[in-house]
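Enquirer: Give me a model of this one.
(one chain, ligands or ions: 1)
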Amino acid sequence: MTTLTILPEGLRAEVEAGTNLLQAILAAGGKLVSQCGGGAKCGACHLFVTEGRKGLSKLTPAENAKLDTLVGVGSKSRLACQATVLGTEAVTVELLGALSG
Ligand code: FES
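Expert: From the prediction side, this is the model:
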């Protein structure tokens, strides 16, 4: 289990290793939309990982390709639907609201 912190709401949840980040955020009450059902296609689950990037699975080629098409992408960007919580370190994410997509 590892701690997931969700900004800006400041939500916290204990997440089991192997949990999909999008699912973990939704389960914790975070406001994140999935328009494509987690297929790295809509970009609506774009967020920033502000701490614990190493606590998440590596970027997939599909995720990289989609991120390339989004506005406001930075070095902390991930698509939540493509990231898995590894359980190795606590993770803090920042939801982007209107910025995403
Ligand atoms: S839910 Fe569509 S890209 Fe992640």
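Enquirer: Strands along the chain, start to end?
Expert: Under the criterion DSSP state E, the chain carries strands at the ranges 2-7, 11-15, 46-51, 77-79, 91-95.
Enquirer: Give me the distance between the closest residue to Ser57 other than its chain neighbours and Gly10.
Expert: Nearest-residue entry for Ser57: Thr84, 4.1 Å, with adjacent residues in sequence omitted and distances by Cβ to Cβ, 6 or more residues apart in numbering. Using the backbone N, CA and C atoms, a C-beta is placed for each residue, glycine as well. Distance, Thr84 to Gly10, by Cβ to Cβ, to the nearest Å: 23 Å.
Enquirer: which of the two has more neighbours?
Expert: Between Thr84 and Gly10, counting by other Cβ atoms under 10 Å, Thr84 is the more crowded of the two (17 against 7).
Enquirer: my read: the more buried one touches Val15, true?
Expert: No: counting by Cβ atoms under 8 Å, Thr84 does not reach Val15; the two are 10.1 Å apart.
Enquirer: Could you list the residues of the chain in contact with the ligand?
Expert: Within the chain, the positions near the ligand by Cβ under 6 Å from any ligand atom are 34-36, 38-45, 66, 79, 81.
Enquirer: Now the buried members of those.
Expert: Ser34, Gly38, Ala40, Cys42, Gly43, Ala44, Cys45, Lys66, Leu79, Cys81 (16 or more other Cβ atoms under 10 Å).
Enquirer: what's the most distant pair in those?
Expert: Farthest-apart pair in these is Ser34 and Lys66; separation 12.9 Å (Cβ to Cβ).
Enquirer: In this protein, where is pLDDT below threshold?
Expert: Low-confidence segments of the chain (pLDDT under 70): 98-101.
Enquirer: how about a cut-off of 50?
Expert: By pLDDT under 50, the low-scoring segments of the chain are 99-101.
Enquirer: Enumerate every residue touching the residue nearest the centre of it.
Expert: Closest to where the C-alpha atoms of the chain average out (Cα atoms, centre = their mean) is Ala80, at 2.8 Å. Residues in contact with Ala80 (Cβ atoms under 8 Å, 6 or more residues apart in numbering) are Asn20, Leu21, Leu22, Ile25, Leu32, Cys45, His46, Leu47, Val93.
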